[in-house]
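**Q** Here's my sequence, what's the structure:
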Amino acid sequence: MSCAAPRGAARTHPLLAEGLMLFFPVAALHAAASPLLWIAAFGYQPPFAGAVPATQWHAHEMIFGAYGAALAGFLASAIPEWTGTVPRRGRWLLMLLALWLPGRVVGLLGAEALLLPALLADSAFWGLLVATVAAPVLARRRGGSFLAWLCVLAAAQAAVKAAWWLDETVLAARLLHAALAIFVVLLSLALTRIAVVVINLALDPSGETTPYRPHPGRRNLSGFLAAAQGAAALLLPDSLVGAWLALAAGAAFLDRLAEWFVGRAALRTEVLALGAANGFAGLGFLALGLAGLGAPISQGAGLHLLAVAGLGMAVMAVFVIAGLRHSGRDLVLPRSARAAFALMAAAGLVRILPELWPGLALPGGHHLIAALLWAAAFGTWLAGFLPLLLRPVGVSEGCAAEASRGAAQARSGVRP
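**A** Numbers count the residues shown, from 1 in each chain. From the prediction side, this is the model:
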């Protein structure tokens, strides 16, 4: 967060001041409501679904709906911060939201008759998001990896809907797997940047020193292997290459946990949450690899470890950490943040345990319990953080501390 008030911020509603202020609450609402409606109201079958399997609608809305909105908020705020440019706000953000909404209505209802309008609206949303990110990245030549992978994700979104339009649901399933891998790559890139700031603040809350340095070899290996695994799942579906690459990606994510050996500071909730996101991602890839090599583990267990536990914990960590810092507050977690992390971890475990141990039965069914825990996690975050986003702390109140942190980060070569 910069001490200089962005131009026009004083005349803008707090939720329209930058991307995360609007899209984080929107993503939380969508993430909380859609699984509950899918299970409790629709009985796992969207009312207008036909040839497209309900599970593919569900996966698409999790990846491109809830996580897509979270990604939009993150990049629309983080890229201007990293490049020192003014973030988009006001009508631009409302236009992004207006383009995001039609596809969510179509996806929730499984309205296959409206696939073409949904494709056009979603493609316009992702195209505008790419333009939002591209302008500062190309101007300052920073954040190019995020822009490149965002373009790939935008293309994957269009390809999924085009496959549905052509009744190629088998291809669409592979494309959704690849899209999930792309999101994991973006997770790896984001957590690499965020963890540097968070762990250094955990070690020295004053921000005057930066004793933590990420290992250069670990910064990109996990993302590279996740991308390779997604490409193999898409292009070589009948080969064992994807399974072996999944094992390698899992090992790379678990190897990143070695960087969390920072003493007692590793027990801080925000540090544990980032470590848990890496750990769940690693376990998810390991489960995918073992399933592909014939182990008695379902592929769904690996995919849900990645999508629900890994990405869910990562998104919640970004919501909490960025929500505090961009509302002008220190990284001191309120109770709502700790509760949201606990609920998210419980949702991920409940969702995948019966798939790892098929004999395990939970009262009421594990899908409904996991959906309730998932909704409670996002609802708890929203209840605790929406008041903070609506009432950001004045820029003058934290300038001295922020200037000190910025100077220390500049000396170490670390950017937030």
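
**Q** Next secondary structure after the longest helix seen in the chain?
**A** Ranked by residue count, the top helix of the chain under DSSP state H comes out as helix 169-203. For helix 169-203, the succeeding helix or strand toward the C-terminus, using DSSP states H and E, is helix 216-235.

**Q** Give me the distance between that next one and the centre of its chain.
**A** Centre-to-centre, helix 216-235 and its host chain are 17 Å apart (CA atoms, centre = their mean, to the nearest Å).

**Q** In this protein, where is pLDDT below threshold?
**A** Within the chain, the stretches with pLDDT under 70 are 1-11, 358-364, 394-416.

**Q** got the domain boundaries for it?
**A** Domain assignment for the chain, taken from automatic domain parsing, gives 11-167, 174-416.

**Q** Could you dump those domains into CSV with mean neighbour count added?
**A** From N, CA and C alone the C-beta is placed, and that goes for glycine too. As requested, the domains of the chain are exported to CSV (neighbours: other CB atoms under 10 Å):
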stretch, mean neighbour count
domain 11-167, 19
domain 174-416, 19
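
**Q** List the contacts of the residue nearest to residue 122 when sequence neighbours are not counted.
**A** When the adjacent residues along the chain are set aside, residue 122 lies closest to residue 103, with 4.2 Å between them (CB to CB, 6 or more residues apart in numbering). Listed by CB atoms under 8 Å, 6 or more residues apart in numbering, the contact partners of residue 103 are 64-65, 118, 121-122, 125.

**Q** Just give me the closest of the residues you listed to residue 37.
**A** Nearest to residue 37 among these, counting by CB to CB, is residue 65 at 12.2 Å.

**Q** what's the closest one sitting at in phi/psi?
**A** With angles defined as degrees, to the nearest 10, residue 65 sits at phi -90, psi -80.

**Q** residues in contact with it?
**A** The neighbourhood of residue 65, defined by CB under 8 Å, 6+ apart, consists of 30, 34, 103-104, 107.

**Q** just residue 250 next, same as before
**A** Going by CB under 8 Å, 6+ apart, the list of residues near residue 250 reads 281-289.

**Q** Next, residue 296: secondary structure please.
**A** Of the three states, residue 296 takes coil according to DSSP: H, G, I helix; E, B strand; the rest coil.

**Q** again but with residue 94, I slipped
**A** helix.

**Q** was I right about it contacting residue 15?
**A** No. Using CB atoms under 8 Å, residue 94 makes no contact with residue 15, being 10.0 Å away.

**Q** circling back: biggest separation within the contacts of residue 65, which pair?
**A** 34 and 103 (12.2 Å).

**Q** any chance you could read off phi and psi for residue 88?
**A** According to degrees, to the nearest 10, residue 88 has phi -70, psi 150.

**Q** i'd like the first residue to be 34 from this point on
**A** Shifting the count to begin at 34 puts that one at residue 121.

**Q** Pull the contacting residues for it.
**A** 51-52, 109, 113, 165.

**Q** any idea how far the residue nearest to residue 155 lies from residue 204?
**A** Residue 136 sits 20 Å away from residue 204, going by CB to CB, to the nearest Å.

**Q** Repeat that for residue 178.
**A** Distance from residue 178 to residue 204, counting by CB to CB: 27 Å.

**Q** Then residue 191?
**A** According to CB to CB, residue 191 and residue 204 sit 13 Å apart.

**Q** for the protein, what spans make up the strands?
**A** Secondary structure of the chain (DSSP state E): no strands present.

**Q** center of it - which residue?
**A** residue 348 (4.1 Å; CA atoms, centre = their mean).

**Q** Quick check: it touching residue 101?
**A** No. Taking contacts as CB under 8 Å, residue 348 lies outside contact range of residue 101: 10.9 Å.

**Q** hang on, the earlier thing: now do the shared contacts for residue 127 and residue 48.
**A** Contact criterion CB under 8 Å, 6+ apart; residues shared by residue 127 and residue 48: none found.

**Q** how far is stretch 305-324 from where the chain is centred?
**A** Relative to the chain's own centre, stretch 305-324 is displaced by 14 Å; criterion: CA atoms, centre = their mean.

**Q** can you give me the helices for the stretch 34-183 of the chain?
**A** 52-69, 87-93, 100-116, 124-142, 148-173, 177-198 (DSSP state H, counting those that start in this stretch).

**Q** would you list the contacts of residue 121 in JSON lines and tack on distance to residue 366?
**A** Shown next, in JSON lines, are the contacts of residue 121 (distance: CB to CB, whole Å):
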{"residue": "51", "distance to residue 366": "21"}
{"residue": "52", "distance to residue 366": "22"}
{"residue": "109", "distance to residue 366": "24"}
{"residue": "113", "distance to residue 366": "25"}
{"residue": "165", "distance to residue 366": "29"}
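
**Q** Would you check how far apart the closest residue to residue 263 other than its chain neighbours and residue 319 are?
**A** Once flanking residues are discounted, residue 263 sits nearest to residue 214: 2.6 Å by CB to CB, 6+ apart. Separation of residue 214 from residue 319 (CB to CB): 14 Å.

**Q** how about the closest residue to residue 180 other than its chain neighbours, what does it touch?
**A** The spatially closest residue to residue 180, leaving aside those adjacent along the chain, is residue 170, at 4.7 Å (CB to CB, 6+ apart). Residue 170 makes contact with 112, 116, 176-177, 179-180 under the criterion CB under 8 Å, 6+ apart.

**Q** Could you dump these into JSON lines and include distance to residue 333?
**A** Formatted as JSON lines, the contacts of residue 170 follow (distance: CB to CB, whole Å):
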{"residue": "112", "distance to residue 333": "34"}
{"residue": "116", "distance to residue 333": "39"}
{"residue": "176", "distance to residue 333": "34"}
{"residue": "177", "distance to residue 333": "35"}
{"residue": "179", "distance to residue 333": "29"}
{"residue": "180", "distance to residue 333": "32"}
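
**Q** Looking at these, which one is closest to residue 77?
**A** Taking the contacts of residue 170 together and measuring to residue 77 by CB to CB, the closest member is residue 179, at 34.7 Å.

**Q** Who are the contact partners of the closest one?
**A** 108, 112, 166, 170, 219, 222.
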